[in-house]
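Trainee: Below are the sequence and a predicted model for it; my questions follow.
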Amino acid sequence: MPLVPSPDHPPSATVLVVDDEPAIRETIALFLEAEGYAVRTAPDGLAALAALEQDGIDLVLSDVRMPRLDGIALTHRLHQHEPAVPVLLMSAVTPIPELPEVPSLRKPFAFERLMHMIAAVLAQAGETSAAHGRDTCPGSAAAP
């Protein structure tokens, strides 16, 4: 049964999926596209930064452990240069000790949990932007 996008995240939201494992990256991308999201992909943090310069990205969904630039360094750079773009991290261990305030999703996860977390992060980003004129991703670490 397909999940129905909620009013909190319109189908036009664009998610950048960052993972060095092609099978995981493409599986998540296909699932999100089927759920109504526009999706961009990147194999590592450096490629993600390049994608962020070119495309209007509403959310970054990133693995933590990757070559060249990992998800932790990507998140730090993103918060410095694009603070309005929320980040959701994927890791075998959550919350991420180096970034306890950033929402995280424990691997492996069900796609229903992924959809719930994306909706929550996008809704929180909208509320934070409206209330403060900026976005931070204050900590709601994911349960498994």
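Mentor: Yes, it's here.

Trainee: Any idea how far the helix or strand containing A50 is from the middle of the chain?
Mentor: Element membership for A50, per DSSP states H and E: helix 45-54. Per C-alpha atoms, centre = their mean, to the nearest Å, the displacement of helix 45-54 from the mean C-alpha position of its chain is 13 Å.

Trainee: Show me what counts as buried in it.
Mentor: Buried residues in helix 45-54, defined by neighbour count with 16 or more other C-beta atoms under 10 Å: G45, L46, A47, A48, L49, A51, L52. Every residue, glycine included, has its C-beta placed from N, CA and C.

Trainee: Would you convert those residues into CSV that also reports pLDDT and distance to P22?
Mentor: Shown next, in CSV, are these (pLDDT from 0 to 100; distance: C-beta to C-beta, whole Å):
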residue, pLDDT, distance to P22
G45, 96, 16
L46, 96, 16
A47, 96, 12
A48, 96, 15
L49, 95, 19
A51, 93, 16
L52, 92, 20
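
Trainee: Looking at those residues, which is nearest S91?
Mentor: The nearest member of those to S91, counting by C-beta to C-beta, is G45 at 14.0 Å.

Trainee: thinking again about what came up before, export the buried residues of helix 45-54 as CSV, with columns for distance to M115.
Mentor: Rendered in CSV, the data for the buried residues of helix 45-54 read as follows (distance: C-beta to C-beta, whole Å):
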residue, distance to M115
G45, 24
L46, 28
A47, 25
A48, 21
L49, 26
A51, 22
L52, 23
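
Trainee: Would you mind extracting the C-alpha trace of stretch 63-73 into CSV?
Mentor: Coordinates of the C-alpha atoms in stretch 63-73 are reproduced here as CSV (Å, rounded to 0.1, in the frame of the first residue of the first chain):
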residue,chain,number,x,y,z
ASP,A,63,24.6,8.3,5.4
VAL,A,64,27.3,9.0,8.0
ARG,A,65,30.2,6.8,6.9
MET,A,66,31.3,7.7,3.4
PRO,A,67,34.7,8.3,1.6
ARG,A,68,36.0,11.8,0.7
LEU,A,69,33.5,13.7,2.9
ASP,A,70,31.4,11.9,5.4
GLY,A,71,27.9,12.8,6.6
ILE,A,72,29.2,14.5,9.8
ALA,A,73,31.5,16.9,7.9
